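Trainee: can you look at this prediction? I've put the sequence above it.
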Amino acid sequence: METTALESCGNGVWRGSGACIVDRTGRKRLPIGQGDFAVVASQSVFVDKTRLIADVLDSGYSVTLFCRPRRFGKTLNMTMMRTFFELSPDGRDNAPLFDGTDIWESDDGHYRRHQGAYPVISMSMLTAKGLTWPQTFGSLRNMIADEYGRHRYLLNDGTLPDDDRAYITRILSRQAGEDDCRTSLTRLVAFLNRYHQRPVVVLLDEYDAPIMAAYSAPNGGYYDEAVAFVKAWLTGTLKDSGEMLAFACLTGVQRISKDSIFSDLNNLIVNTALSTDFDERYGFSEDEVAALSDYLGCGTDGMDTARQWYDGYRFGKQDVYNPWSVLNFLDNDCAADVYWGNTSGNGVVGDLLRSADVDTLRQVYDLMEPGGTVAAPLDLGVVFPDLGVKNVAIWSMLYLAGYLTTEDTALPGRSDLLRRLRIPNLEIAQLYKSEIINRFADMAGGNDRLDRFHRALYSGDEETVLRELTTILRDSVSSFDMTSENSLHMLVTGLCFGMPGYVDPKSNKESGYGRYDLRLEPSGGDPANFSFVAPTVRPLITIELKYVRDDGPSGGSDSERRLEDKAQEALTQISERGYDEGEPPQQAQGRLRWGIAVSGRRCAVACERLD
């Protein structure tokens, strides 16, 4: 990545090719964890995304829903719009925060007339969630009361009817019931429009947070209650406010539509990562990362690492970096780490791996291969109950949540088109790998048992490999149905992820005179720099698997001999077909061959070491 030559435009604004960096203080402090634009713009460095304001105004859309993964700038963009548009209740002049930015300079200042020109309703629903519906409703009620509190001046209107005054007072008391709260958004639009004699802007951030919490809550959750409330709360405002509403913008991760929240809205525009509109307004472009790095004095050092770890998303026609990870990467002296994944649980990936059948596991393993893809349709109107009945729904959820991306963004409204989905970058690949290791560590009886299996595998310890694999088959067969060589293949592949000093297992690749089942190649670099758990001698490992149909619970000596013969047959196949012949990886120290045969809950192994 080349650095972008930055030019100072005064007042803390710096411009380069395709990027604008703003730092009013000159302290080069990054806004990590801060989502309030007014605070960020006055105290920190930020990448100028104010053209979103022009996009929203120029689009003419009355209601826009932006669906993007978490921590891709949704909250900062929403508070930016509030700060720009709001006729501030406390009389604050926010115009200086936009001086010199793209929106201020665009079209000779054409958009400045919209600054401070609208009453604004702004709420974040991110914290409106709980383990039960009463808890979640209580959080929603407090959120609504807080926003009414920002507009408490409405009570100063001497012409306000008594019933409206009583209603506002009930909301402010935080004791209002569900009926009052369902109409609170519609009525606040009407109150503000009447008071200011201007149309109202509505900004709702993370609208889907209570729905996602409802679906994942214990004991079956409270999905129906949450959807019914949010639908009633939103629909009246977004559908029936007419000229009282200037426009509304919502953000979320999921598009919860179809027969649920937005089914009655015909004026809603849904903007997802497949859409070309607004595609540059979320996440960082290559030019923006280069400009930010240049401004902070990081130069080109580490930028190739940043591209491998945090680039790789495609929003519409724009290639995008994960902004949260880039900020943390730059703030930590360009040290690569899993920053985005560590901000909250990765439940959607964990759920996929814990419940995956053999076919789904194979697709996940295919994704983990260099350049790996899965072909699947994307239904971005998926609703949560679909996860229980539609096998393809999980890929849509993973895409919306940011764990997959695709270059196939044409015709975003078509849910029947197969799209090539891939893992965006090394950071997300590491998340998948961690969840795979967690699942198979559980099957092995814990991380210690899995580590014991790994050590035996790379050291050629037949006795321990046999014992650990037998234990897994005996104790975990109920959670992993062992009915074919394919299911055996998926099991052993999963067990081989995360082996210290080795890259992810390779599966079914051509080599010699056929295709090996599994290959484990040592990772590059100096062994002295690996973790203390990595082996000092790391051979190239080739594994051939044989499945024998289970003839009964006990098997007997004949069955045992049959398994042993099959394990030896697998070992011989590696040699005869030359699966590990040819030039080995440079860092490999010798070769190790394994034949593994399984029947039901019993197995046999055979091993051969070659220098």
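Mentor: That came in fine, so what should we check first? From a predicted model like this one, the values you see are computed outputs, not experimental measurements. Residues are numbered from 1 along each chain as shown.

Trainee: elements contacting the helix or strand containing Ala441?
Mentor: Using DSSP states H and E, Ala441 sits in helix 426-444. Judged by 3 or more Cβ pairs under 8 Å, 6 or more residues apart in numbering; DSSP states H and E, helix 426-444 is in contact with helix 303-310, helix 347-355, helix 358-368, helix 447-459, helix 462-476, helix 485-496. Bear in mind the C-beta positions are built from the backbone N, C-alpha and C, glycine included.

Trainee: what's the average pLDDT for it?
Mentor: Averaged over helix 426-444, pLDDT sits at 91.

Trainee: distance from the chain centre to that helix, please.
Mentor: Centroid separation between helix 426-444 and its chain, computed with Cα atoms, centre = their mean, to the nearest Å, is 15 Å.

Trainee: could you list the buried residues of it?
Mentor: 426-441, 443-444 (16 or more other Cβ atoms under 10 Å).

Trainee: and what of stretch 146-155?
Mentor: Buried-residue list, stretch 146-155, by 16+ other Cβ under 10 Å: 147-148, 151, 154.

Trainee: then stretch 44-63?
Mentor: Burial within stretch 44-63, assessed by neighbour count using 16+ other Cβ under 10 Å, is assigned to 44-57, 61-63.

Trainee: same question, stretch 135-147
Mentor: Using 16+ other Cβ under 10 Å as the test for burial, stretch 135-147 gives 136-137, 139-141, 143-145, 147.

Trainee: now do stretch 355-368
Mentor: Neighbour counts over stretch 355-368 (16+ other Cβ under 10 Å) mark 356, 358, 360-365, 367-368 as buried.

Trainee: pLDDT check: weakest of those residues?
Mentor: Across the buried residues of stretch 355-368, the smallest pLDDT goes to Ala356, namely 79.

Trainee: quick one: residues contacting it.
Mentor: Ala356 makes contact with Val364 under the criterion Cβ atoms under 8 Å, 6 or more residues apart in numbering.

Trainee: how much space between it and Ser59?
Mentor: Relative to Ser59, Ala356 is positioned 40 Å away (Cβ to Cβ, to the nearest Å).

Trainee: is it correct that Val22 is in contact with Ser42?
Mentor: No: proximity of Val22 to Ser42 does not meet the contact threshold set by Cβ atoms under 8 Å, at 10.3 Å.

Trainee: so the two - more neighbours on which side?
Mentor: Between Val22 and Ser42, Val22 has the larger neighbour count (other Cβ atoms under 10 Å), namely 25 against 13.

Trainee: and the gap between the more buried one and Phe46?
Mentor: In terms of Cβ to Cβ, Val22 sits 5 Å off from Phe46.

Trainee: mutual contacts of those two, please.
Mentor: Residues touching both Val22 and Phe46 (Cβ under 8 Å, 6+ apart): none.

Trainee: can I take it that Arg416 is in a helix?
Mentor: One thing to correct before we go on: residue 416 is Asp, not Arg. No: counting by DSSP: H, G, I helix; E, B strand; the rest coil, Asp416 falls outside a helix, being coil.

Trainee: show me where the stretch 51-200 of the chain has its helices.
Mentor: Applying DSSP state H, counting those that start in this stretch to the stretch 51-200 of the chain gives helices spanning 51-59, 74-85, 102-105, 133-150, 162-172, 178-182, 184-196.

Trainee: ok, now which ones touch Thr186?
Mentor: 236-237, 240-241.

Trainee: to clarify, my last question referred to Ser106.
Mentor: Counting by Cβ under 8 Å, 6+ apart, Ser106 touches 51, 54.

Trainee: ok, now how distant is it from Thr50?
Mentor: Distance of Ser106 to Thr50, given as Cβ to Cβ: 9 Å.

Trainee: next: Thr471.
Mentor: For Thr471, the distance to Thr50 (Cβ to Cβ) stands at 60 Å.

Trainee: same thing with Ala145?
Mentor: The value you get for Ala145 to Thr50, if Cβ to Cβ is used, is 31 Å.

Trainee: and what of Met81?
Mentor: Counting by Cβ to Cβ, the separation of Met81 from Thr50 is 9 Å.

Trainee: same question for Val202.
Mentor: Relative to Thr50, Val202 is positioned 20 Å away (Cβ to Cβ).

Trainee: returning to what we had before: between the buried residues of stretch 146-155, which is closest to Asp331?
Mentor: Closest approach to Asp331 among the buried residues of stretch 146-155 (Cβ to Cβ): Glu147, at 32.4 Å.
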